[in-house]
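> This is a predicted model, with the sequence first.
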Amino acid sequence: MCCETRGIATRDECKRPTVRLTALVLCALFTAIFIISTVFICVRSNHEHDHDGPDGCCATCMHIQYADKLLKALSTIVAAVSTFIGGIFGALCSLRFATPYCVSHTLVKLKVRLNN
């Protein structure tokens, strides 16, 4: 409390903007990867084949396959993480709604005076 009145920030207050900025940058990069990969696949899907690449295969087809694999891997990860977080959120919400029905008998709730 005295640090706040003097204008001195604590460690947690200094870390918050950094953590938020890092999360924002990661979200922006994640979104950019999805958008750029999807646009690349859509633009290059009907290309002319160039069989002069390494081992006689088309370089554009290889890049499309890599982008497709990247999208599938990222979407699998996103589905797994969102299911996990959704499950945790659902469990916490069910516990929160169940707690009002639990009766706790404390001295304050029973209005017991403890002064002599």
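Nice, I can see it. Please read these numbers as outputs of a predicted model, since none were measured by experiment. Residues are numbered from 1 along each chain as shown.

> Next up, phi/psi of Leu114, please.
phi -110, psi 10 (degrees, to the nearest 10).

> Let me see the mean pLDDT of the strand or helix carrying Ser82.
Using DSSP states H and E, Ser82 sits within helix 59-98. In this model, helix 59-98 has a mean pLDDT of 85.

> what's the distance between it and the middle of its chain?
Distance, stretch centre to chain centre, for helix 59-98: 9 Å (CA atoms, centre = their mean, to the nearest Å).

> Stretch 33-46 now?
23 Å.

> Buried ones in that stretch, by neighbour count?
Across stretch 33-46, burial judged by 16 or more other CB atoms under 10 Å covers Ser37, Phe40. Every C-beta, even on glycine, is put in place using the N, C-alpha and C of the backbone.

> Use 287 as the first number from now on
Done: numbering now begins at 287, and the last item shifts to stretch 319-332.
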